[in-house]
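Engineer: here is a sequence with its predicted model. Questions after.
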Amino acid sequence: MTHNPDTDVIICGTGAAGLTLAIDLARRNVGFLLIDKAAHPFIGSRGKGIQPRSQEVFEDLGVIDRIVASGGEYPVQRFHTDEGPVDKATVEMSDPTPDEPYQIPLLVPQFLTERRLRERLTEFGHAPHYSHELVGFDQDADGVTARIATPDGERTVRASYLIGADGGSSFVRKALGIGFPGRTLGVRAIVADVLVDGVSSDAWHRWGEDTAAQVSMCPLYGTDMFQLQAPIPFEVDIDLSAEGLTSFFRERTGRNDVVIRSVSWASAFEMNARLADTYQRERVFLTGDAAHSHPPTGGQGLNTSVQDAYNLGWKLAAVLDGAPESLLSTYEKERRPIAEAVLGLSERLLEAAKNRNTHRGREVSQLDLGYLDSPLSMTGPDRDNGVRAGDRAPDAPVTGASGLPTRLFSLFQGPHWTLLGHDVDDAPAPAPRRGLHIHTIGGGGDILDTGGHVHSAYGLSSEQWVLVRPDGYVAAVVGTADLGSLATYLDAVGIRPVAVPPPHHAETSADTPAPNASAVPGTRREHRRIRGAAEQRLATAQRELHRLSRQVQRDLRSVRRQGETTAIVARSNFADLAVQSITRLAANLRTDPSDRSGQNDQ
């Protein structure tokens, strides 16, 4: 039995993964409900490292500058030894390059990162619902029915999909019966955000390295606090108050001049490495810590979670907009192997840290992760250099045809796909498609590779095209002769050609001017220009009609909860009929031989 959904997606969990997914859905005009059983946002600093690849994601989501301003670069590590303090770099400090504009990880307390994400979500007109606990759900072929405990009583919400972004102890994962195998790593630790006197904020201070009594204080840039970290024995109660932590610190360091004034947040925890058996069970998905649990070494957990959500968001939106349901199966196929590899890295870094090796290199940046074996990576001829399908799409400074400088990342920014043609002036242009931005590079193109950075990063030859996914990964590299296979690929992911309406036939009269011969396309290029303009006008009309239909459906669902209204039902039916009519017209046009007559006459 089909139930009309109240919303498209329910997101359970308002951490970094849930917020990232909500922002991505909001900018795609997908309806969602974002809930959390907590009474207020998380206040701790736990996931404080923002890696370069996540910084690229945050740029696309329009929040990177605020996140950078909320923290800073990692400080040097200052090891306090019997011979005196020794400073060592925490991470490799590399300058930005044209293809990798973000090279240095940021230190931003998790609660500030999530605050900036909530601010961005508010700009789209959305906000999380706190004190809303998912207490049960059922799913069928058409959607998910969720039961949510709210301050005003239990509420039932119907959605097309449910996303479990509810952390390592995920209710959603447990309710689905999905296994979460892995192991504890033999380390128990405390972490606390504290105001402290007697410690300078110019370094990440470490005492007692190579011993069971080690302890560290890391300044939390963007705040006046430090993050205190230390391993602790199993089965030992730790006083996490200001007085208790001051005594704990003095016992380990012998420093009587250091006083902890207050504790904002503190936790004692066991380090685990775990990975869910599956990320999907029919219409319910796991993302973030609900799908994988990391030790804190290397700053990988939050970043992997953010990129999970970034991968899932565009796929949910595409399927809700008519793309094949099978597109969603690629989420687990792409993200679970990444989590498995990153878990291995985190464990290796933990072992290195036990041996006082806390240096971090490129391996933690996540810039080299990709989807080479994904079913969404279109196979093609082997390439000796340049990008391959599944690689991260590099950035590059370019110049617009008008002479203004820009970047490829600026062209990619947004919820669309991007198709770049290199030196394709004489090649036939691909047909416009809704959700696809097409740019050509070179003479006669709208983009100029003035510094040669596109050629250096992508390794494209003349008349080659590169298709970039909405999440910034290369989907395909093809030659002009293979644009037909690219069209088939785009159809399969829901990026369809814009239909052109049939010409309006009207009887001529004395008041109707005769057709202007100059309006008939005389060249193939002019034919494409006229056709493209008409297709763009129709695309705009289709988008508006689709938007109206979705809005009416939302209004209808809202009204039905309070009593059905005949008038709005009629509006909804009318909008649906209009959408069906224009779809039939588009289908007829694609099969109408007269549509090709203009080209055949050239």
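Structural biologist: Right, received. Where do you want to start? Numbers count the residues shown, from 1 in each chain.
Engineer: okay, now residue 52: neighbour count?
Structural biologist: 21 (other C-beta atoms under 10 Å). The C-beta positions use only the backbone N, C-alpha and C, and glycine is treated the same way.
Engineer: let me see the contact set for it.
Structural biologist: 100, 102-105, 365-367 (C-beta atoms under 8 Å, 6 or more residues apart in numbering).
Engineer: can I get the CA coordinates of stretch 174-190 in CSV?
Structural biologist: What follows is stretch 174-190, C-alpha atoms only, in CSV (Å, rounded to 0.1, in the frame of the first residue of the first chain):
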residue,chain,number,x,y,z
LYS,A,174,21.0,-1.8,15.9
ALA,A,175,17.3,-1.7,14.8
LEU,A,176,18.3,-3.1,11.4
GLY,A,177,20.3,-5.8,13.0
ILE,A,178,23.5,-4.8,11.1
GLY,A,179,26.7,-6.2,12.6
PHE,A,180,29.4,-3.8,13.7
PRO,A,181,32.5,-6.1,13.9
GLY,A,182,35.9,-4.9,14.9
ARG,A,183,38.0,-4.8,18.0
THR,A,184,39.0,-2.7,20.9
LEU,A,185,42.5,-1.4,20.6
GLY,A,186,43.7,-1.9,24.1
VAL,A,187,43.7,1.9,24.9
ARG,A,188,41.4,3.7,27.3
ALA,A,189,41.7,7.5,27.4
ILE,A,190,40.2,10.7,28.7
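Engineer: give me the buried positions along it.
Structural biologist: Neighbour-count burial for stretch 174-190, counted by 16 or more other C-beta atoms under 10 Å, picks out 175-176, 178, 180, 185, 187-188, 190.
Engineer: then stretch 115-134?
Structural biologist: The neighbour-count check on stretch 115-134 (16+ other C-beta under 10 Å) flags 115-118, 120-121, 126, 128, 130, 132-134 as buried.
Engineer: now do the same end-to-end measure for that stretch.
Structural biologist: With C-alpha to C-alpha, to the nearest Å as the measure, stretch 115-134 spans 23 Å from end to end.
Engineer: can you give me the mean pLDDT across that stretch?
Structural biologist: Regarding stretch 115-134, the rounded mean pLDDT is 98.
Engineer: circling back to that earlier point, farthest pair in the buried residues of stretch 174-190?
Structural biologist: Greatest spatial distance among these (C-beta to C-beta): 176 and 190, at 32.1 Å.
Engineer: let me know the helix or strand that residue 96 is in.
Structural biologist: Residue 96 is part of no helix or strand when elements are defined by DSSP states H and E.
Engineer: ok, back up a step: out of the buried residues of stretch 115-134, which are inside strands?
Structural biologist: Of the buried residues of stretch 115-134, the ones assigned to strands by DSSP state E are 133-134.
Engineer: could you export the buried residues of stretch 115-134 as TSV, including distance to residue 458?
Structural biologist: What follows is the buried residues of stretch 115-134, written out as TSV (distance: C-beta to C-beta, whole Å):
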residue	distance to residue 458
115	37
116	32
117	31
118	36
120	30
121	33
126	36
128	39
130	45
132	46
133	48
134	44
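Engineer: and of the buried residues of stretch 115-134, the nearest to residue 481?
Structural biologist: residue 120 (42.5 Å).
Engineer: how close does that closest one get to residue 111?
Structural biologist: Distance of residue 120 to residue 111, computed by C-beta to C-beta, to the nearest Å: 15 Å.
Engineer: check residue 450 too.
Structural biologist: Taking C-beta to C-beta, one finds residue 450 at 42 Å from residue 111.
Engineer: counting neighbours, go ahead and name the busier of these two.
Structural biologist: Neighbours per residue (other C-beta under 10 Å) separate residue 450 from residue 111, with residue 111 holding more: 22 against 12.
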